[in-house]
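**Q** only geometry, no sequence info:
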């Protein structure tokens, strides 16, 4: 197998050239079929959108802390006509696009697209994905989506402003809001393309994981990252068609007046909404049938990565490997029958609400089992406090908060009060920022050496962790207190209500923390790019980890492995008494006299 | 550095609990409840707060303690080479499962009181029809004959009057997009959905003025879709209805 390097460093490009690969620059770096290049393309695109989504969030925070005050620097540039202040229609667009960008352009594609692509073939011992061309298309189908969303900021009426949930009739009727003009149509088109991309990816991941594992790599020797990616792909494959259908229905409602979601004789903003005959709640059912499983699409891969990182730096086997796998499967199964908990207040049959309440309570169970097993993993360990480990531990710590706050909303009577308040905003950010985003940071620090052949700076990594952790909690923890006071989401000026006026100082504190958290990410950006070119070079296995990607050259060449990996054991044999080292790679043949070594299982 | 990081993780339960202890003494927390059913919701809130608070502190302190105790830089003990424990898995599956199931069953009655036991189904007449419209609450009272849709209906906007200590039945509608009828002090929330008429019932126990909040995004002016709930004695309420009717007749 060729050791042709595919890393993105200038000096390696020359090296690659020597092999005279027919693909050339465009084929190697742009329209590449190599899963690692596609993964890194996803990584850069999603990190770029992370910046966009973050800036939108900071503008939202500005308005909540100092409503109608001139925004510093950007205010006069964007809204000179309004004295530099954010208009209410612009505010609704801000939080709509913040959520849409973060969910559909950052979290889902960074987990499945970036890490899934980069890690799946490497960790199962395959030379590439099962369908490399399909894989390339899954990345390039993100681009029409990027274009639609970007363009939507510049069309009359501005980008979509009906919330990231796009509820009709606000979203489906052109006259309902400025953002429901062309912006909403582009939003729908964008999501359809994201869906096509995810569908191509999930088919590919399923086939690759089922068909292309290295000799000896049984399903129960797969690392948790791969199990999580596998179950995530199942969720996408089953839930996405429903979302796609719903998106097309709303698109048709908007363009040819089909009226799937519009009741008879509706008049919005003094204009008839068309023939009607539809049902508003139908959209909510279809949307959440996808978007609730999507919540798990947005966290399961991070849970998998965190499991691998914690076991590696605890230098100890993962506690309860099989219960962890069953928990993921349980979350996926239950994940399909809990969507109604987003609709407790929607006017759906209250008996149905009761049923969804019971299933929602039960889905907390597998998450609890996972937390206990992570704690079990660090019990009796030899913990190394590296940057990836700190982020992985903070995932556990923050996910406990996000998981427990979910129980409040699952309890339907309590939800009557806290539904659509800042309590839910706090909850979702503990799961998706404190959870997934911290897991993603951990994953980047952990796999960066394999991606680029160089280490990131540990000192600045820890500074980045410390500041992010402190300011994250400063921003989001107090949201639970706001929610307890009934402080509603999505109000351009909550202080319009006298009873919420005394919550403005809390909001100002949160905004200052959010600005500081945003600024802390500059440390990460600097560390990332500096390390890409000037970080210390590393060998194959800098962390002394067990899984197959560390058996491949660093960075792996086209085709990944220079020797065929053969798998002898599970991925978490750290501290095994069979060997002298504190790690025991999956590919290392057992010493004489040890014909069979343990798969991860109960002892 | 292990100590520093362990203590950072210990600060999570300390500040976490601290904020919830600090908040009520500074006026942050559940607003005063003035409804007949609200105490059930507040009780559940407190019950879940204490339960999750205990689990939160326990798990976060265990996390801290393991980080402190098993820091590789300060302890040379060999790792405990284990892949798990069947007994522990059984215990920490069954205990939370039982707890969650208990919460699920425990709350059903409160939910049924607010959302299932509709007095309208037993023949109670509608007190007032509330229609959300960008960006105001349109109100229609049945008037003297007790029937909606007759010439003596009384119309009003944004100022919802109700008598104290009486069961109220609202017929909630929307004229255009989704809205949400949220009365924080009465622990009532219900979406108003175009094409549907949804019953909402409650009983206010104290006179006064309270916020009526639109809690579902309804467009650019969502933030200013503010109404007021006026809870008053039966006498004041009847007088208000009469005055409204007289004023309405005078402009005909």
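**A** Nice, I can see it. Being a predicted model, the structure only gives us computed values, none of them experimental.

**Q** identify the residues contacting residue A:72.
**A** Applying C-beta atoms under 8 Å, 6 or more residues apart in numbering or on different chains, we find residue A:72 in contact with no residue. C-beta: built from backbone N, CA, C; applies to glycine.

**Q** measure it to chain B for me?
**A** Distance from residue A:72 to chain B, counting by C-beta to the nearest C-beta, to the nearest Å: 22 Å.

**Q** distance of that residue from residue B:99?
**A** Per C-beta to C-beta, to the nearest Å, residue A:72 is found 48 Å from residue B:99.

**Q** what of residue A:102?
**A** Computed with C-beta to C-beta, the distance linking residue A:102 and residue B:99 is 33 Å.

**Q** now swap in residue B:91 and tell me
**A** The gap separating residue B:91 from residue B:99 is 12 Å, by C-beta to C-beta.

**Q** which one's more surrounded, those two?
**A** Neighbours were counted for residue B:91 and for residue B:99 using other C-beta atoms under 10 Å in any protein chain shown; residue B:99 has more, 17 against 12.

**Q** give me phi/psi at the more buried one?
**A** phi -60, psi -50 (degrees, to the nearest 10).

**Q** where's the closest residue to it other than its chain neighbours, which helix or strand?
**A** The shortest distance from residue B:99 to any non-neighbouring residue, by C-beta to C-beta, 6 or more residues apart in numbering or on different chains, is to residue B:51 (7.3 Å). Per DSSP states H and E, residue B:51 falls inside helix B:38-69.

**Q** tell me which residues of that helix come out buried.
**A** Neighbour-count burial for helix B:38-69 flags B:38, B:40-42, B:44-45, B:48-49, B:52, B:55-56, B:59-60, B:62-69 (criterion: 16 or more other C-beta atoms under 10 Å in any protein chain shown).

**Q** residue A:194 is in contact with residue A:138, correct?
**A** No. Here residue A:138 lies out of contact with residue A:194, judged by C-beta atoms under 8 Å, at a distance of 10.3 Å.

**Q** low pLDDT regions in chain A?
**A** Scanning chain A for pLDDT under 70 picks out A:1-23, A:593-603.

**Q** could you pull out the strands in it for me?
**A** A:267-268, A:271-272 (DSSP state E).

**Q** residue B:160: which of those is closest?
**A** strand A:267-268 (23.2 Å; C-beta to C-beta).

**Q** can you give me the distance of the residue in the stretch 151-252 of chain B that chain A sits nearest to to residue B:132?
**A** Proximity of the stretch 151-252 of chain B to chain A (C-beta to the nearest C-beta) peaks at residue B:195, 2.7 Å away. From residue B:195 over to residue B:132 the distance is 13 Å, taken as C-beta to C-beta.

**Q** the two: which is more packed in?
**A** Shown here are residue B:195 and residue B:132; by other C-beta under 10 Å, residue B:132 has more neighbours (27 against 20).

**Q** residue contacts, the more buried one?
**A** Applying C-beta under 8 Å, 6+ apart, we find residue B:132 in contact with B:138, B:172-176, B:179-181, B:192, B:214, B:218, B:225.

**Q** host element of it?
**A** Element membership for residue B:132, per DSSP H and E: strand B:128-133.

**Q** for the record, mean pLDDT for that strand?
**A** Mean per-residue pLDDT for strand B:128-133: 97.

**Q** and for stretch B:66-77?
**A** For stretch B:66-77, mean pLDDT rounds to 92.

**Q** chain B contacts on the stretch 1-150 of chain A?
**A** Residues of the stretch 1-150 of chain A found near chain B (C-beta under 8 Å from any C-beta of the partner chain) are A:87-89, A:92.

**Q** I'd like these as CSV, with neighbour count appended.
**A** Listed next are these as CSV, based on neighbours: other C-beta atoms under 10 Å in any protein chain shown:
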residue, neighbour count
A:87, 18
A:88, 21
A:89, 18
A:92, 29
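
**Q** I'd like those as TSV, with distance to residue A:149 appended.
**A** Conversion of the residues of the stretch 1-150 of chain A next to chain B to TSV gives the following (distance: C-beta to C-beta, whole Å):
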residue	distance to residue A:149
A:87	20
A:88	22
A:89	18
A:92	16
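
**Q** so which of these are in helices?
**A** Counting by DSSP state H, the residues of the stretch 1-150 of chain A next to chain B place A:88-89, A:92 in helices.

**Q** so what's residue A:93 up against?
**A** Applying C-beta under 8 Å, 6+ apart, we find residue A:93 in contact with A:158-161, A:179, A:183.

**Q** now with 6 Å?
**A** Shown in contact with residue A:93 (C-beta atoms under 6 Å, 6 or more residues apart in numbering or on different chains): A:158-159, A:161, A:179.

**Q** most surrounded residue in the residues you listed?
**A** Neighbour tally across the contacts of residue A:93 (other C-beta under 10 Å): the maximum, 30 neighbours, falls on residue A:161.

**Q** for that one, give its distance to residue B:32.
**A** Distance check for residue A:161 against residue B:32: by C-beta to C-beta, it reads 34 Å.

**Q** also residue B:248?
**A** To residue B:32, residue B:248 is 34 Å away according to C-beta to C-beta.

**Q** ok, the two, which is more surrounded?
**A** Set side by side, residue B:248 and residue B:32 show more neighbours around residue B:248, with 15 against 11, by other C-beta under 10 Å.

**Q** quick one: contacts for the more buried one?
**A** By C-beta under 6 Å, 6+ apart, the contact list for residue B:248 is empty.

**Q** not counting sequence-adjacent ones, nearest residue to residue A:64?
**A** Leaving aside its sequence neighbours, residue A:64 sits nearest to residue A:507 (C-beta to C-beta, 6+ apart; 4.8 Å).

**Q** same question, residue A:410
**A** Counting by C-beta to C-beta, 6+ apart, residue A:410 lies nearest to residue A:360, which is 4.2 Å off, once chain neighbours are set aside.

**Q** that neighbour contacts residue A:341, doesn't it?
**A** Yes. Between residue A:360 and residue A:341 there is a contact at 4.4 Å, judged by C-beta atoms under 6 Å.

**Q** the more surrounded of the two?
**A** residue A:360 (28 against 21).

**Q** any idea how far the residue nearest the centre of chain A is from residue A:113?
**A** Centroid-nearest residue in chain A, with C-alpha atoms, centre = their mean: residue A:107, separated by 2.5 Å. Look at residue A:107 and residue A:113: by C-beta to C-beta, they are 10 Å apart.

**Q** same check, this time on residue B:252
**A** Separation of residue B:252 from residue A:113 (C-beta to C-beta): 66 Å.

**Q** for the two, indicate the residue with more neighbours.
**A** The neighbour count for residue B:252 versus residue A:113, taken as other C-beta under 10 Å, is higher for residue A:113 (24 against 5).

**Q** for the more buried one, which non-adjacent residue is closest in space?
**A** Nearest residue to residue A:113 in three dimensions, chain neighbours excluded: residue A:42, at 3.5 Å (C-beta to C-beta, 6+ apart).

**Q** before we move on, what about residue B:227?
**A** residue B:212 (3.3 Å).

**Q** which helix or strand contains that neighbour?
**A** Element membership for residue B:212, per DSSP H and E: strand B:208-214.

**Q** run the chain-centre distance for that strand.
**A** 14 Å (C-alpha atoms, centre = their mean, to the nearest Å).

**Q** could I get the buried residue list for that strand?
**A** Buried residues in strand B:208-214, defined by neighbour count with 16+ other C-beta under 10 Å: B:210-214.

**Q** could those residues go into TSV alongside pLDDT?
**A** Formatted as TSV, these follow (pLDDT from 0 to 100):
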residue	pLDDT
B:210	96
B:211	96
B:212	97
B:213	97
B:214	97
